[in-house]
Structure formats: C-alpha cells, structure tokens
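K.L.:
3D, please:
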Amino acid sequence: MIIIAFDLSLSNTGYAVGEVKGRSLKLIEVGSIGTKRFAKRSTGFRLNYIAKEIRGLYKKYEIDKVVKERSFSNARIVATQQIYKVNGVFELMTHIANHDDFSEITPPSIKKQLTGNGKATKNEVADAVLKQFRDIMGNTTVKFKNNDESDAVAVLIAYCKQEGLID
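P.N.:
As a prediction, this is how the structure comes out:
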C-alpha cells in the first residue's frame, strides 16, 4: 500500500511517500515544495507552482491513499487565509488525481499517535519521528532538510498507526 502524506503551507509544503508492507512502514520519498524563493511573485503564481508539484507526485507514484494534516486557524488572519488557499489547490489536484477520499488527521491526533500525548511539543513529535526510523545500531536512517518534511512524515506515521496499518 502506497500512502502520501502532506503538511500544507504556502511557503514550504512537506510531503512523505511511504509503503506499508506487512506491519512496517518504509519511506520511499520525503521532500518539500518550497515557494519562499518566489516570495515577491503573486500568490497565484506560488499556488500554481504547488499545484504542479503535487500533480507530479500523483503521477510519479501509484498512490493508494492520500492523507494530510487538518488545517486550523490561528490569530494570524493572513496566514490562515493563505493556508486555506493552499488547501483549495491541494483538494483540486487531489480530485483531478481521483483521490477524493483523502483523509485528514488533526494535530492533537498526530501528537497522540506518535508520543501518547495529544499536547506534545513539536520537539517531542520530531524525536518520535526519528525514533521510528532508527536502525538496530540506534542510528537514525532518515534525514530531514526542514521541519515541514519531518511534519509530513509525522502525518504519515500517525495515519498508519491510527488505521492499524503499523505497530
């Protein structure tokens, strides 16, 4: 089963593609769709860039399931508006790829699945993600370029645990 997970953002959308075999999760690809270098361009330009990248991921893999972190609003109105624009692009590209049955997982659920505590800190979640991919020698077998990639992997792991796909 191939699953793709997203941590959506206008500046840097993280994604993780994983394969579940048996009761284990193998990461196939982890990355981010960065638009910070286009900060002086229009929001429409940046959204189109994100759309093209998401479409490319859907074409690259035979995805069985799509999951994303459920968006939430905060006191920063402009930031909240931007994330909902990215959500619209995500939903459009996901619909075009025939994955209308995508799942969402809330931030507290992600924290609970990874750490046992729905109010865990970002660092505790990041540590739990790295722990998931330690080899028998205790070395971490995955490296992240940014927090958005780590967050996308957290979404992937949490979904798989929540659905009983992995231990």
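K.L.:
just checking, next helix/strand downstream of the lowest-mean-pLDDT helix or strand in the chain?
P.N.:
Least confident helix or strand, the chain: helix 122-132 with a mean of 88, by mean pLDDT, DSSP states H and E. Downstream of helix 122-132, the first helix or strand assigned by DSSP states H and E is helix 147-162.
K.L.:
tell me the angle of the least confident helix or strand of the chain relative to helix 147-162?
P.N.:
Note on geometry: by axes from the mean of the first three to the mean of the last three CA atoms, to 10 degrees, helix 122-132 and helix 147-162 are set 70 degrees apart in direction.
K.L.:
So which bits of helix 122-132 are buried?
P.N.:
Neighbour counts over helix 122-132 (16 or more other CB atoms under 10 Å) mark 125-126, 128-130, 132 as buried. C-beta here means a position set from N, CA and C on the backbone, and glycine is covered the same way.
K.L.:
Output the contacting helices and strands for the longest helix anywhere in the chain.
P.N.:
Ranked by number of residues, the top helix in the chain under DSSP state H is helix 77-96. Applying 3 or more CB pairs under 8 Å, 6 or more residues apart in numbering; DSSP states H and E, we find helix 77-96 packed against helix 43-60.
K.L.:
Alright, that wraps it up for me.
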